[in-house]
Each structure stands twice: as structure tokens, then as C-alpha cells.
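Trainee: just need the structure, nothing else, for what follows:
(3 chains)
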Amino acid sequence: MAKEKVPTVMKEKTGAAYNPLTDVTSALKITFNDYFHTLTPRLKLIDTFLAFLVALGILQFVYVVLIGNFPFNAFLGGFCSCVGQFVLTVSLRLHLKESMLEENNESDTPDSKKSKSDEDNTIGLANVGVERTFADFLFASLILHFIVYHFIN
Amino acid sequence: MADSSTHSERCRIAGIDVGAIALLLKAVIFLCIIGAAVSSRLFSVIRFESIIHEFDPWFNFRATKYLVTHTFYEFLNWFDDRTWYPLGRVTGGTLYPGLMVTAGVIWHTLRDWLKLPVDIRNICVMLAPAFSGLTAYFTYLLTTEMKDFSAGLLSALFMGIAPGYISRSVAGSYDNEAIAITLLVATFYYWIKAIKVGSIFFGTLTALFYFYMVSSWGGYVFITNIIPLHVFVLILMGRYDIKIYTAYTTWYALGTLASMQIPFVGFLPIRSNDHMAALGVFGLIQLVAFGDYIKAHVPSKQFKSVLTFSIVLLTLLGIGGLFGLTALGLIAPWTGRFYSLWDTNYAKIHIPIIASVSEHQPTAWPSFFFDTNMLIWLFPAGIYFCFQELRNEHIFVIIYSVLCSYFAGVMVRLMLTLTPIVCVAAAVALSKLFDVYLEVVDDIRITTATKTSSIEVSESVASDTTTSPKKAGAANSKSSGPTATPVSIKKQKKTTSTTQLPIFKLASKALVVISFGFYLFYFVMHCTWVTSNAYSSPSVVLASKGADGSQNIIDDYREAYYWLRMNTDEDARVMSWWDYGYQIGGMADRTTLVDNNTWNNTHIATVGKAMCSSEEVSYEVLRQHDVDYVLIIFGGLLGFSGDDINKFLWMIRIAEGIWPDEIKERNFFTDKGEYKVDGDATKTMKDSLLYKMSFYRFPELYGGREAIDRVRGQTIPKDAVPSLSVVEEVFTSENWMVRIYKVKDLDNLGRDMLKAADSDNKGPQLSKRRSAKKPALDLRV
Amino acid sequence: MLKGIWNAFIALFMIVTIAAANIIPESILVLSDEKLNNLVNGTDPTNNVGRLISQLTSKGEVTFKQYSDDNLEVFFGGDIKYDHLVLLPSSKKTVGDKAHFTAQSLKDFINGGGNVLIVGDCDAQQPEPIKALLNDIGIYPSPKGYQLLDHFNVGSEGSGIKLDNSNLISNRIVDSLLIDSYKGGAALISGNELLFPLVKGSKTSFTADSKKADVPLTQESAWTFGNQGFAAVAFQALNNARISWVGSSQLLSPQLVLWTLKDRDVLKLQFVTHSKESAPEKVDPKIYRVTEQVLYTIGVSELVDGKWVPFEVKNEEDKLQLSFKMLDPYQRINMQPLGPVSSNENDSRLDTYAYLANFTVPDHHGVFTFELDYKRPGLSYLMDNRLVTVRHLANDEFKRSWEITNAWLYVACAGIVVVAWCLFVINFIYIGKPNTSKKHQ
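Mentor: Here you go, the predicted structure:
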């Protein structure tokens, strides 16, 4: 997530042409702080992994731009494995975050600031535990890697 | 149905949980539905025999036979040198292998594990009905997600017998669509499930079924576009959440990667425009996810505007990039079939070959009613109910139905994809209706409950519970309100004296329920009638009613194909119009020049040219392509309208597209602009090889009487076809439907074919003439 | 495939003729008119016809018949009754056996593999069936009474014209020509590709009615003009049956007779094989792969004095060519001579000359034909078509990703992702436990 921010910040800046720049920067700053505030070891691990995947993806993309896409299937295989793993991991992370929030909700007082959609989420995810999500994640990843292996051949 | 389940969950009958009974009933109902679905598809087998139908199924059948007689590896790399002579076809890389692999797996399973040596042909014939049962099941699941299981059961029933779907899945219709519709519905079901639950697992299942779908049918592009559209609409409606993110990204990442494993699809998913929407939405959802992440932390209004701005910007960038890349040639532009979806005249103008397929013609309005009957007017009602609830999955139904209604209107063939959603929507509407109008018990209970005290309520409930099985059964059995209501009315009279009897309400309900019962009954009748009459003909074997009402089987096709199989060289090359390519390949097992896989327009045009040119020109084409036999379909004697003379204009048009200088459509019409085959036919027409082959010796058949072409209702003059020089007739089937001509060898004496035939025919007569006249010859160099 | 049958047919036919040459003497039917040539009571050996007859009798069993005979059947139960027909001039236009001796029966005779030698005469007729046959193949002899004339080149006897090597069209059949006084007709010929003229008239010659010398020369009165008049024409049908026509018995050179009776310039394809260069031991594979290297070998023999000997191509234009075609030739190669070989494994006699073509299959899949189409005037045609399938690369025949250096990075990345993923999963499980427990506290 941390890495992904870099290109997006640029976008925000272009958007800020007619929006108060300060708003955007402060918003980002708050997010940034909040992010470090809520970081748990697990999330940290996931984020490291994500950053690694993004780096790998960018590396391949740069490579393909420089060298040319001759073994196109190999490039796709390599690149897609990064992207696929990335989105799967992001999904995992989001679920993890949700279930954590859920636990907080159960233990602490309900957070009144929460938006409605978040509450919907927590209800929807109540029956999907972390273990289940993780198992799903493993399942999907295995399929992904199998296909990539097949494809890159 | 609705009553029994909703109201008696806590009840027990004879010590058995009512839930269990409901389950049992469900299972029985399911078995009945599947039974109905399968058996209504067996008309053709009963009427005719266990035979593969139509055209495309013959290819699929042939490919399946190849698969089961060879290894999968050989199948994958199959280079078919017996079609598209001499180009050949990289069949393994240009087909959707899903259907054949499915049949092959079933065959191997039956043979190796169950020790049932079933003929592969029977598996192919029965595959479509078997999968229709599965379709019904998945439709049930899908509709259950939309509403409840009563709607699900209704939709399963509809799906099972809707003629729109039956048209492509009768026994013997061994076509890609046979399993593709099942997979379509299954994919959609798992997609809805994934959206609802938000688990990676269902996303993965969606992707896997999507992969299966991609491997079976070109129509997968429909899924590829509708799911992103659904997500896009949801995002626009502000309904984004992590479940959508999970479902979509999982599906896209895995599904796309998997779909690229099919050789025929290859890199299309990232190259062709048809697939770009999915990629765009994939990118979009990443940004939305990031935005959402920030939003969760900073709920500021300014942020929202920033977000909207960036979304707009990105969409513009995406579209711009799309056009840019297309212009640069990096992304394949949309295919012709795609254009013809938007502009119905496009194909007519640009690609006659697409327009020549009857399946690609716009749908006639009656066929909507013909194919779906009452469902078509329940369909908007179902959509209306979806709007009322408007959960994520309802939005999906709405998008699907809107898109598909349009497409089905444009192309007859897409009626097929419309049918599932029509069934779902109609089932939702109908079950909603039944929910309201079959709720007799509730009505009574409510009226009672409002008028009595709480103790009485419990009593009445108790009494209700005891009698509920009876009522439920009554209501269940035949939606027969009138018989059930008097009992309850009397009882209510006893319990409460002040109760106003809802007679009018009940009567109106009864009326509605009865009328819908009648509609349903009529629907079933209609489906059966349509199935047995319109969709059960194998088209390989024709049936006709004799004057005395007896049925005659016209089996000319198979007679001719069998003749080819038995009497010609194994490697003989048979030229025919492409419609019959698959059948010749499948039934006669001979090499063909063109077939229903119309991948090479030029080659088809070549055949068209050979058919519509004069003999000399045709002969060159025939020799160049090493043609041994020419097969034509002639319906003039029998009155079979789908013959080659009626398809002739397409041949001419397609050939004209390639050789505009040599072939001109205008020359085949008389001065008055009529398409004539009788004495008024133009010279070009009379000289064309197809005309000659069609009517060769035809007038002789009538002896002295007028030879009438029964399809076109025109009289063929006796001297219409004096001779054939470059081909000779070798076979004409019983009803003259199929005629086969052999292409003559080059003349041994090096003469021009026409001259050779001429002098060989008239040889003796010529010699009597005294000819000391000097011949006019070109100078010899 | 038809071509294949065709070839088989030709081969069979050749075998038959060879067998006939070796075992059964060839049968020859000579048709004549006793008014013109009395062949029954012996012939004058100094006469042209007499020399012909003696040449024929030395070759095979000769049957003499008159055009006026009632039985002139050339078929015997569907097969040709004679190997060769020699048709001498006649005084009448009609024949005795109108039912059996027709243009059609003559054509069938040729289609059946029989050879025909037709001798013309300016003072005699060509019976109708023969004339029809000649016209059909594109030879139009001048009518009775017409004679090839040339005012600038009068023959030694004062009536005919002189023909010498300058009148000879270069060919392999007749190599020299000298007739002091040619007295005979000339023919017009059509563009039939199977025809090849041997003797042409000089530039100043023409063919006209010799008795009407006073009639002015016009398009109508003259039959041929200049080079367009031919005094001897040979023809070889696709089945290698030979026909030759001469305007007069003067042109009956022994070489031409030998050629017509298939005693010379007869070629035979002894074998045709093709194989992959990578696996030459597997002969005639049905399937090739694109860009494979192919060896195509043939062996050609020539009949000399009743024996098959190696046929070696001497000059450039007679080279054997192979086309590898699918609709259009993708490859067209001159075949390289390999040397004399034996056509039979058990026989050590070197009776065949082998030729080889070594080439690369084009990078295009489809059904290709090895087409050998050798048509040289005078020589037997060598025709052979063999269909093979050229398939595309199978899915595992492309270069593997790890064989391409470009792809190493991608392969490595995909591998790294898997490794990283494994690490991640293990760590996740280990870290997860304290994490959740901490939360619960």
C-alpha cells in the first residue's frame, strides 16, 4: 500500500488544481499517520509483501518497455503473477482489517463515526472468519501459481 | 409452495420435521423438473433416431471422435488436413475445446471406471439434455439468491422447458451452446455469490467457471463485459465495498489469466477491444479501493470531490488510451460480428458471409413470444420487482436483461442468452405474485389476530398449526383457493364473531391464482408443442406428411453422404457450399474445401466463384483445388426451400466481394430485376455451373410434361441444360435433393474440356459432314 | 489422388508395354488401300512404304488390313487389340467397318495407350475417322490435291520442293532432314500443348491445290502460308500414347517410326520418395512440420534397345524440376543429379539415374503437393503428385521460455513470487498467533 501511494499522490496533485491543496495534503497526512497507528505485525507483513510485489511488477514493466515484449506469454505470466498475487493479498488485507474492526466493535463500544457501508461489511463478513479467508486466499493463490506455471512454459 | 415452507418451519408432522419434508419435496420437485427438462428434449430421438443434428454438431462430434481416439496432446495440436483443402485448419488451436473435453471425460469415466462401454455418439447426443438439467439447477440457485427458493424452483421449471433454450439443447444438438448456457448461469450464480459473501473462494469459483465457459463458447465475451459493467454501475451508485473488490479482482486476475490458456483465445483478453472494459474496471477498482481506504480515515467532503475528479480523469484517460492503442494497432479492433450487433446493416454491407448466416439475422418479434411465451410479459414485471429491492444482485439482473434484450433483438442467436434471465425475472415476478395471492393463511390469521385478544391469538395459532398441513397441502396441491377457503372461513366464524370475512379478497386472490395456474398450464402446453414441432427436427433427416397423413422420412442427405463414403476414394475432395462442409466431414468422411467454420472468406469466395462462373472458369478453379466431386443440394423436385439455388445469391455476393470484375450480381437478375431460373433466366445464370448442375436432366424427369421447379414455382425449359462438359453426374439421391458430380480429368488429348466433350458427344455425326474448310487458328509460334 | 491413380495407370501401362516388348511381340495393325499401296503381295524395299513395312515386321507381328474390310475393330473386349496402328493413305473417304472404325474408337484406342502413325499423301484421301481424329487433336492436314509448294525452292524433280535441315524444327526425334523433292501436303496445327511440329515449310512456301496453279493465291485458295504449314507433326497424349502425322511417306524416317512405336525416348519414373532430412530412414511420411528440411529423391530410367538404362539430363533446359505447392508453388527447385543407382534392391544393375531436391518446407501450414511435372517434347512425360500435410508447430515445439534469454527475468520473477509467497504464508501463520492473542487481551 505504501508504495502504491507514490503514483496516486501525483494524481491527487493534478486534481488539486482547483481544490485547496492543503486539504488534500492534510488528508493524506492523516491517512499516513493513521496507517502507522493501526499497523499490526500481520498487516505489516502483508504490506511488505505487497510492496515487494509492486516493486517486482514495476521492474518487469520497465524491462518490457526497454527490451520489448518478445516472449509475450512469459511477460504476461510473470507480470500477471505479480498483479494477481497483489490483488489477492490486498483482498486478504482488507478482510483482515474488517475482521479486526469487527472484533473492536464487539469488544469496544460501537464506533458511531463508522460509515454505513462499513457496518454492512462487518455484518456480511461476520461469518467469514480470518482462518476461512486465509484458506480461501491460499486456495486462490495456488490456482494462480499453477496457471502461471502453465502459461510461462 | 410458498405457504408450506414459510409457515410451517417449526411444525412437525408424524414426528418428522417439516423442514425435512420440505427438503424432500424440493428434491422430488427437482427430480421432476430435471425429468421434464430431459424428456422434453428427447422428442427428436423418439421421432427419428439417436443422431447428431444440424451442421455444427457434426463438427463437434467429429472432433470428439478424434479426441477419444487420440491423446489429448494430439487433439490440442490437431492439424486437420481434411477440411479447408488445401489450406487445412489448425483445428486444435481454433476451436473451443470445452464441449469435446467434457464429452471425452464422460466417455472415459463411463468406460474406464464404471465399465460401461457407451458409444461416444450416444454421449454426444445426450449431452445437451443432461446439461439442461444442470442448467435448471443453477438457475434455481441463481434465482434463490435473487429472491427465495420458491422463485428458484419456478425459474428452474421455466428454464427446464423454455423453448428458447430447448431450441439449442435438444438431444443430438451437440453444440457449444449446449453446455455454455449451463456454464453461463453457473458463472453468474457464483459471481452473485461472490459479490454477496465477498470471499476469495467464490471469486475463484467464478473464475474457474468462467474459464470453463471460455473453453466452451465464444459467447464468453458476454460475461467478460457484463461483470465489469455490473461492478462499474455499483461503483457509480456508491455501493463499493471490499466484497466487490475481492470478488472482482479475484475473478479478473484468475479468470483472465486462465482464459489465456485456451489456444483459440490466446492473448485476446489483453489485446482485443472486446475485453478492454474488464481491464479498465480492474484498474478503476484499484483506485477506488485506495480512495476508499483514505476515505475511511479522512471523511472530508473535499476528498470526495477529489475522488470524483480523479475517476473522471481516469475514465477519460482510459478511453483515450484505448482509442490510441487501437489506432496504433496494438489492440485488435472490434470484430465484424461485434459491429453487426450495433448496426444491423453493417454486416449486409461489409461482410456478406456474416449476413448469410440465418442465425445472425435480426429477430422477428413473434419469435420472442414463440420462444418464451408467457415469460416474456412476466419479464418486465420481474425487472420491476428487482428495481423495488435493488440489492447488488438485482442490479445485475437489470443490467443483464437490458443488454440482452437489445442483443436478442439484433441477432436471433442471442435469444439463447436472453432466455435464462427471462426465466429468472419471470420466476421472481410470478413467485412474488404467488407470495401475495397464495397467502390465504396469513390473511385469515391477520384478520383474526387483530380482532381477538392475545390468548385467543395463541389459540388460533395453535389451531392453525394443527390444520396447517391440510391447508398447506391444499394450497400446495393445485393453488385451489376456493376448496380450501370455506373450511377456514367457517372456522373463523366459530372463533370470532366480529371478524369480517375477506371473501372478496379471497375470491380475487383465487381468481388471480386460477388464471395464473391456467397460464402456467398453457405455458407447459406451448413449450411441449414448440419443442416437438419446431425444434426437434435433426435437419439431417427430414419428415414430411404424405397425402394420407402418413409420415415420410426423407433421408437424402445420409443416402448421399453414405454414397460418398462407400464409392469414392478415401482422399477424394468434395466441394460444396460451406453449409454442408461439416456434414460431409462428419458423415461422409471426405475432405472438404470449405465448412461451417467460416474462417477464410477468400476460400469460401473461391467456392462461390466456381459455382457461379461458366464451366471453363469453374474448371480452372476446380483443377487448381484438386476437386474430385461437387455436391449440391437441389430442392426443386421436392419443394425443399433451403437448397443451393436459393442460397445462390449469397455465393454470388461473397464471390463478388473478392472478384468484383469477374462476377456481378446484377447479371444474375433479369432485366426486370427478377431472380428467375426458368426460360427467362439470364445467360449468366444459365451458364453458371450451379444452375447447370441443379437442373441437369431435370426436365427429362417429367417426360413430356412441364418441368416445374417446386421451390421457385417456375418451369424449366427442356433445353435449359444441354450438356455438362467439365463434370459428370455420378449420383442423384432418391428425391433429387443431393446431386453429386464428378470433376472430369484433363483431356488425354490435350483438348479444351468444352470442345472435347462437344466432339466426343457428336463425333460420328460430325464426320459425315464434308469439311474441307480451313480452320481458323491462331498462329503457332 | 486422381493424379496418383493416373500415375499408377501410366506406370501400369509402361509395365505392360515393357512386358510386351520382352515377351510377347508387339502387334501392329497396318491399314492401307490396295489401290495405292499393295502390301499383301510383298513390297518394294526401296520404296518408303516398303522400308516402313520392313521396319515394322522386324519389330513385331504385323497385321495388314484394307480400309474396305468389314472388320476393322481395334478393341478386343475393352482392351486395345493392337499396340500400334499404322494408317496409310486411302483412296476413299469412307471405311468398310463404319460401326467400329470411328473417330471415337480411334480416340479410345489412344486413351487406351495405343500409338498411331498416320501417313498422308497429297493425292489421296484421309478416311473420315482419321481426319476427325487429327482435327480433334489439332492437326488440320491439307485436303486432297493440295501440295506444299514454294516458287523459290523448287525440288530437284521439278514438281515438289526441297526440304532440308532449315525446315527442321529442333527436336530430339529427327536430327537431320534432306528430301530433294517433297511431294506432299502440309497441315495447320492448333495451339494444343501436346502437339509439337517437326518439319515446317520455309518462309516462302504455301500449300495450295497443285492442279489449279493459275488460281491466284488468296486466303481461301491456300491452305497454309510460310512457317505456319507443317509437313510432319508429332503428338504425345497425357497417357504417353504417341501419334505422328507426316504429309507424305517421304518423311517416314526410321527415327520417327521408332519414336512413334515407343522404341525410344521412353522414360520411366523408377521411384519417388521423400523424407525428412532429420530422419531419412522413414520414407514418405504423411506429415511434415513447418520449416523442416526435406529430401525428395526420384529415379529416372530411359528405354534403350529394350533395356532400362539411367537417364541423365545433359543440358540445362531439360533439367528436372520439383515444385512444392499449395495452390501456388512455394518452392521450385532444379533437381540435383546424384548418379546412377539400381532401382531394385536385389539387382545390382545400375539402371536408374537418381535426382535429389533438398529444401526447407515453407513456414506455412496446409496440404502441400510434391509436384513433378516433366514435359519435354519428344520425351515421355514424367508426372507425379504426392500430397503431404505440413502442420504447424505443436504447443511444445515452440521455444520454451527458459530457452529465451529475454524471458529469464519473467521466469525468475514468477519464481520469486512463489518463494516470497511461501515465506509470507509461513510468516503470516507465525505472526498471526501473537497478533490475535494480543488483540484479545
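Trainee: in the stretch 351-500 of chain B, which spans are strands?
Mentor: Along the stretch 351-500 of chain B, counting by DSSP state E, counting those that start in this stretch, no stretch forms strands.
Trainee: which intervals of it have sub-threshold pLDDT?
Mentor: The stretch 351-500 of chain B contains residues with pLDDT under 70 at B:351-361, B:440-500.
Trainee: one more time with 80, if that's ok
Mentor: By pLDDT under 80, the low-scoring segments of the stretch 351-500 of chain B are B:351-375, B:408-414, B:436-500.
Trainee: how about the stretch 301-441 of chain C?
Mentor: The stretch 301-441 of chain C contains residues with pLDDT under 80 at C:306, C:343-348, C:394-409, C:428-441.
Trainee: now do 70
Mentor: Residues of the stretch 301-441 of chain C meeting the criterion pLDDT under 70: C:401, C:431-441.
Trainee: most proximal residue of it with respect to chain A?
Mentor: For the stretch 301-441 of chain C and chain A, the shortest gap (Cβ to the nearest Cβ) falls at C:Tyr410, measuring 3.2 Å. Bear in mind the C-beta positions are built from the backbone N, C-alpha and C, glycine included.
Trainee: got it, and the stretch 151-300 of chain C?
Mentor: C:Thr291 (18.3 Å).
Trainee: for the spatially closest residue to that residue that is not a sequence neighbour, pull up the helix or strand it's in.
Mentor: Using Cβ to Cβ, 6 or more residues apart in numbering or on different chains and skipping residues adjacent in sequence, the residue nearest C:Thr291 is C:Asp363, 5.3 Å away. Assigned by DSSP states H and E, C:Asp363 belongs to no helix or strand.
Trainee: next one: B:Ser544
Mentor: strand B:542-545.
Trainee: check which element follows that strand along the chain.
Mentor: Per DSSP H and E, the first helix or strand lying C-terminal to strand B:542-545 is strand B:551-554.
Trainee: avg pLDDT for that next one?
Mentor: Averaged across strand B:551-554, pLDDT comes to 76.
Trainee: contacts for that strand?
Mentor: B:48, B:541-546, B:638, B:735, B:737 (Cβ atoms under 8 Å, 6 or more residues apart in numbering or on different chains).
Trainee: can we see that at 10 Å?
Mentor: For strand B:551-554, contacts defined as Cβ atoms under 10 Å, 6 or more residues apart in numbering or on different chains pick out B:47-49, B:541-546, B:638, B:640, B:733-735, B:737.
Trainee: any idea which helix or strand comes after that strand?
Mentor: helix B:556-567.
Trainee: helices and strands around that following helix, which ones?
Mentor: helix B:581-583, strand B:629-633, strand B:727-732, strand B:738-743 (3 or more Cβ pairs under 10 Å, 6 or more residues apart in numbering or on different chains; DSSP states H and E).
Trainee: let's see that with 8 Å instead.
Mentor: strand B:629-633, strand B:727-732, strand B:738-743 (3 or more Cβ pairs under 8 Å, 6 or more residues apart in numbering or on different chains; DSSP states H and E).
Trainee: in the first one, which residues are buried?
Mentor: For strand B:629-633, a neighbour-count test (16 or more other Cβ atoms under 10 Å in any protein chain shown) marks B:629-633 as buried.
Trainee: got it, and the second one?
Mentor: For strand B:727-732, burial by neighbour count (16+ other Cβ under 10 Å) applies to B:727, B:731-732.
Trainee: in chain A, which helix has the most residues?
Mentor: As assigned by DSSP state H, the longest helix anywhere in chain A is helix A:72-107.
Trainee: mind giving me the packing neighbours of that one?
Mentor: Against helix A:72-107 (3+ Cβ pairs under 8 Å, 6+ apart) you get helix A:41-67, helix A:116-125, helix A:130-152, helix B:200-214, helix B:242-259, helix B:276-297, helix C:408-440.
Trainee: let's go with 10 Å and repeat that
Mentor: Applying 3+ Cβ pairs under 10 Å, 6+ apart, we find helix A:72-107 packed against helix A:41-67, helix A:116-125, helix A:130-152, helix B:200-214, helix B:242-259, helix B:268-271, helix B:276-297, helix C:408-440.
Trainee: closest to C:Leu256 out of the contacts of strand B:551-554?
Mentor: Closest approach to C:Leu256 among those (Cβ to Cβ): B:Ser733, at 52.7 Å.
Trainee: quick check, pLDDT for B:Thr91.
Mentor: 82.
Trainee: give me phi/psi at it?
Mentor: When read as degrees, to the nearest 10, the backbone of B:Thr91 gives phi -60, psi -40.
Trainee: so how many other residues sit close to the closest residue to it other than its chain neighbours?
Mentor: Excluding the flanking residues, the one nearest B:Thr91 by Cβ to Cβ, 6+ apart is B:Asp80, at 4.1 Å. For B:Asp80, the neighbour count with other Cβ atoms under 10 Å in any protein chain shown is 23.
Trainee: please apply the same query to the one 3 residues further on.
Mentor: Neighbours of B:Thr83 under the rule other Cβ under 10 Å: 22.
Trainee: one more: C:Gln321?
Mentor: Residues near C:Gln321, counting by other Cβ under 10 Å: 15.
Trainee: follow-up on the earlier one: out of the helices and strands packed on helix A:72-107, which gets the lowest mean score?
Mentor: Per-stretch mean pLDDT for the helices and strands packed on helix A:72-107 is lowest at helix A:116-125 (a mean of 40).
Trainee: if I pick the residue in the stretch 151-300 of chain C that chain B sits nearest to, what's in contact with it?
Mentor: Residue nearest to chain B within the stretch 151-300 of chain C: C:Leu194 (3.6 Å; Cβ to the nearest Cβ). By Cβ under 10 Å, 6+ apart, the contact set of C:Leu194 is B:747-751, C:137-138, C:234-238, C:243, C:375, C:377, C:381.
Trainee: again, only this time at 8 Å
Mentor: B:749-750, C:137, C:235-238.
Trainee: same deal with B:Ala605?
Mentor: B:654-655, B:657-659.
Trainee: just the helices in the stretch 51-200 of chain B please.
Mentor: B:56-69, B:72-76, B:98-108, B:120-146, B:149-161, B:163-166, B:176-197, B:200-214 (DSSP state H, counting those that start in this stretch).
Trainee: want to throw these into JSON lines with distance to chain A?
Mentor: Formatted as JSON lines, these follow (distance: least, Cβ to the nearest Cβ, whole Å):
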{"stretch": "helix B:56-69", "distance to chain A": "20"}
{"stretch": "helix B:72-76", "distance to chain A": "13"}
{"stretch": "helix B:98-108", "distance to chain A": "16"}
{"stretch": "helix B:120-146", "distance to chain A": "14"}
{"stretch": "helix B:149-161", "distance to chain A": "20"}
{"stretch": "helix B:163-166", "distance to chain A": "31"}
{"stretch": "helix B:176-197", "distance to chain A": "7"}
{"stretch": "helix B:200-214", "distance to chain A": "4"}
